[in-house]
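Trainee: sequence first, predicted coordinates after that:
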Amino acid sequence: MKNTFFRKPLVVAITFLVAATACTKQGDVLPAKLNSEDGKSSVNKLLSSYTIDFEGISSTYMAGNTSYGDNCYSTWGGTQIAPYVHTPTNLRFAIKGAGGSSPVEFWDGGFVVSDWNYKANIPGTSGDWWYSYLNQCSVYSGTSGAKNGGADGSSNFAVMFGYVDDYNYTYATRPTLDFTSGSGEISGMKVCLSSYTYGVIMNGNSFGSIGSGTPLSAVQGGNGFLTLQAYGFNGSTPTNGGLPVEIDLARYLGGSAVAGPLTSGLISIYLL
């Protein structure tokens, strides 16, 4: 889309598959052939694979006290959400600046872990609450409010937010995943839209490019789209020739959906 459709998190829920070279988990190994220095022979190297599903982790790492994610902002009176580092891969999920001495703000970009999945208004709410920033940590999957919106009906998932434009470039960042130590490769992830993003795609909101309440199917002459771009790096060196892996989260042609919007039918994105 040429025009920003959201001012609060454009969010997807994700579950990761990581092949980590620094780990030694028994079983569930993936063989890989690496060329020797002379380029004439090869050796086999075993890579241990891990599925990161965020199940059973402490509430310290979870978005709360409501589906807004109150503890993801400096205005929260209690302890803020902590960065989550998966063991044993050491892959880190966090809001920009989390883990330091200064308070953090989710609007600066990053990841939080959540189990909220409101897909409709709840008692005490009205209007577009369920597809507004007030419900930004919910995923549009599973049974509304049942905390089963993760992959395959699980409870937990990571919520990703981040974009950079002329308005927020001085403080915001695109969400980034990195390893706190060792190395590894993100070989796949399952992706789903948040309730906020899904609702705005279907109904529009006050930040729509044509006006309040304009659905994505009516943007750009009926050809509106929302695409996830994922860039990979080996250290500071771009992988895949510097090109992103792309998935259409929603795409319309002549006002009709030709891709998505992604909901409970989670799909995989591979960053090899």
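Mentor: Sure, I can see it.

Trainee: which residues of this protein score low on pLDDT?
Mentor: Applying pLDDT under 70 to the chain flags the ranges 1-47, 207-212, 264-272.

Trainee: name the nearest residue to the residue nearest in space to the middle of the chain, sequence neighbours excluded.
Mentor: Centroid-nearest residue in the chain: residue 160, 3.1 Å away (criterion: Cα atoms, centre = their mean). Nearest residue to residue 160, sequence neighbours excluded (Cβ to Cβ, 6 or more residues apart in numbering): residue 175, at 4.8 Å. The C-beta positions use only the backbone N, C-alpha and C, and glycine is treated the same way.

Trainee: for that neighbour, what are its contacts?
Mentor: Residues near residue 175 by Cβ atoms under 8 Å, 6 or more residues apart in numbering: 109, 110, 111, 160, 161, 162.

Trainee: that one and residue 93: what is the separation?
Mentor: With the distance defined as Cβ to Cβ, to the nearest Å, residue 175 ends up 9 Å from residue 93.

Trainee: joint contacts of these two?
Mentor: In contact with both residue 175 and residue 93: 110, 111, using Cβ under 8 Å, 6+ apart.

Trainee: about what we covered before: in helices, which of the contacts of residue 175 fall?
Mentor: Assigned to helices by DSSP state H, none of the contacts of residue 175 qualify.

Trainee: export those residues to a markdown table and append columns for distance to residue 54.
Mentor: As requested, these are exported to a markdown table (distance: Cβ to Cβ, whole Å):
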| residue | distance to residue 54 |
| --- | --- |
| 109 | 19 |
| 110 | 15 |
| 111 | 10 |
| 160 | 13 |
| 161 | 16 |
| 162 | 19 |
